[in-house]
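Novice: okay, structure incoming, though there's no sequence with it:
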């Protein structure tokens with residue numbers, strides 16, 4: 001019998017690695033209700049603060065990727 005490996009995912013709030021089936025419980029228990037509010041339901045300053053917090057946790061390579069994607073998106077709009 002072959003058992004499937006559980007899918008490991010990263011919490012976008014703290015960056016920790018968790019089994020996908022436990023991620024929602026982790027968020028609820030570790031980060032509280034205030035963090036569970038979807039980004040679209042927050043005010044713009046709160047959303048910006050969350051985005052910057054997540055960006056600061058990225059590796060330098062991840063930051064370059066985000067910058068590249070944002071630049072491409074901006075060029076597409078022009």
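Specialist: Structure's in. What do you need? Quick caveat, the model's predicted, so the values are computed rather than measured.
Novice: which residues in this protein form strands?
Specialist: For the chain, the strands defined by DSSP state E occupy 8-10, 17-19.
Novice: so which of those strands gets nearest residue 25?
Specialist: strand 17-19 (8.8 Å; Cβ to Cβ). Placement of C-beta: from N, CA and C, glycine included.
Novice: mind giving me the packing neighbours of that closest one?
Specialist: If contacts are counted by 3 or more Cβ pairs under 8 Å, 6 or more residues apart in numbering; DSSP states H and E, strand 17-19 sits against strand 8-10.
Novice: tell me the strands beside the strand it packs on, with direction?
Specialist: strand 17-19 (antiparallel) (DSSP bridges).
Novice: tell me which residues of the strand it pairs with come out buried.
Specialist: Neighbour-count burial for strand 17-19 flags residue 18 (criterion: 16 or more other Cβ atoms under 10 Å).
Novice: circling back to that earlier point, is it possible to export the strands of the chain to JSON lines including mean pLDDT and distance to residue 28?
Specialist: Formatted as JSON lines, the strands of the chain follow (pLDDT from 0 to 100; distance: least, Cβ to Cβ, whole Å):
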{"stretch": "strand 8-10", "mean pLDDT": "92", "distance to residue 28": "15"}
{"stretch": "strand 17-19", "mean pLDDT": "93", "distance to residue 28": "12"}
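Novice: between the ones you listed, which gets nearest to residue 77?
Specialist: Using Cβ to Cβ, the nearest of those to residue 77 is strand 8-10, at 29.2 Å.
Novice: show residues contacting that closest one.
Specialist: Applying Cβ atoms under 8 Å, 6 or more residues apart in numbering, the contact partners of strand 8-10 are 16-20, 23.
Novice: for the worst-scoring helix or strand of the chain on mean pLDDT, packing partners?
Specialist: One helix or strand of the chain scores below all others by mean pLDDT, DSSP states H and E: helix 23-36, with a mean of 77. For helix 23-36, not one helix or strand is in contact under the criterion 3+ Cβ pairs under 8 Å, 6+ apart.
Novice: how about the residue nearest to the spatial centre of the chain: what's its closest non-neighbour residue?
Specialist: Most central in the chain under Cα atoms, centre = their mean is residue 12, positioned 2.9 Å from the mean C-alpha point. In this structure, residue 12 finds its nearest non-sequential neighbour in residue 54, 6.3 Å apart by Cβ to Cβ, 6 or more residues apart in numbering.
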